[in-house]
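>>> how would this look folded up:
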Amino acid sequence: MKTQAKPVSASRVTLSQLMQPQHANSLGNVHGGWIMKLVDEAGALACMRFANRRVVTVAIDQMIFRQPIRIGYLVILTAEVSYAGRTSMEAEVRVVAENPVTGEQTHTNTAYLVYVAMDEEGHPTEVPRLIPENDAQRERIEQAKVRQQFRLKQREQMENRK
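Now for the predicted structure:
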């Protein structure tokens, strides 16, 4: 039984990394897979911070890259829990590319990922209740509930096909 509750801000993390030549794709921009790795790390850290547990990635909703990220730019990822179920959490991860010389920032994508909290034996364990701190967070939680219902329905359909 959930005995604790935490505000959204208790989960918030920010990661920043300078994009180097080893992060480049064949076009000279940052490889999308590298950004996906960073997004997964940021989301996992937000959920670990929130649940005070290790987590595993269960689902990644679509990730649409709105703009390329250039080598030499600073990638800033801001993640926080946007939904908490019994053992699962959804994290919203916002990705911004910043030109470190001019300070110009471009929002390149936002992704939603689902994680499950694990106990010491590797079994799913309950997570705290999520407390919204403003109207925008309340609305985002409601939107996340809809996304979670959609994911559960998709999972059920996939299992019925077996």
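
>>> and stretch 109-120, what's buried?
By 16 or more other C-beta atoms under 10 Å, the buried positions in stretch 109-120 come out as 109-118. C-beta here means a position set from N, CA and C on the backbone, and glycine is covered the same way.

>>> repeat that for stretch 82-95.
For stretch 82-95, by 16+ other C-beta under 10 Å, it's 82-85, 87-95.

>>> now stretch 58-74
58-59, 63, 69, 73-74.

>>> who are the packing partners of the longest strand along the chain?
If you go by DSSP state E, the chain has its longest strand at strand 105-118. Other elements packing on strand 105-118 under the criterion 3 or more C-beta pairs under 8 Å, 6 or more residues apart in numbering; DSSP states H and E are helix 32-51, strand 54-60, strand 88-98, helix 135-161.

>>> pick out the shakiest of those, pLDDT-wise.
Between the helices and strands packed on strand 105-118, the one with the least mean pLDDT is helix 135-161; it has a mean of 89.

>>> what would the buried residues of stretch 82-95 look like in CSV with distance to Arg161?
CSV is the format used below for the buried residues of stretch 82-95 (distance: C-beta to C-beta, whole Å):
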residue, distance to Arg161
Ser82, 29
Tyr83, 26
Ala84, 29
Gly85, 24
Thr87, 25
Ser88, 22
Met89, 27
Glu90, 25
Ala91, 28
Glu92, 30
Val93, 30
Arg94, 34
Val95, 33
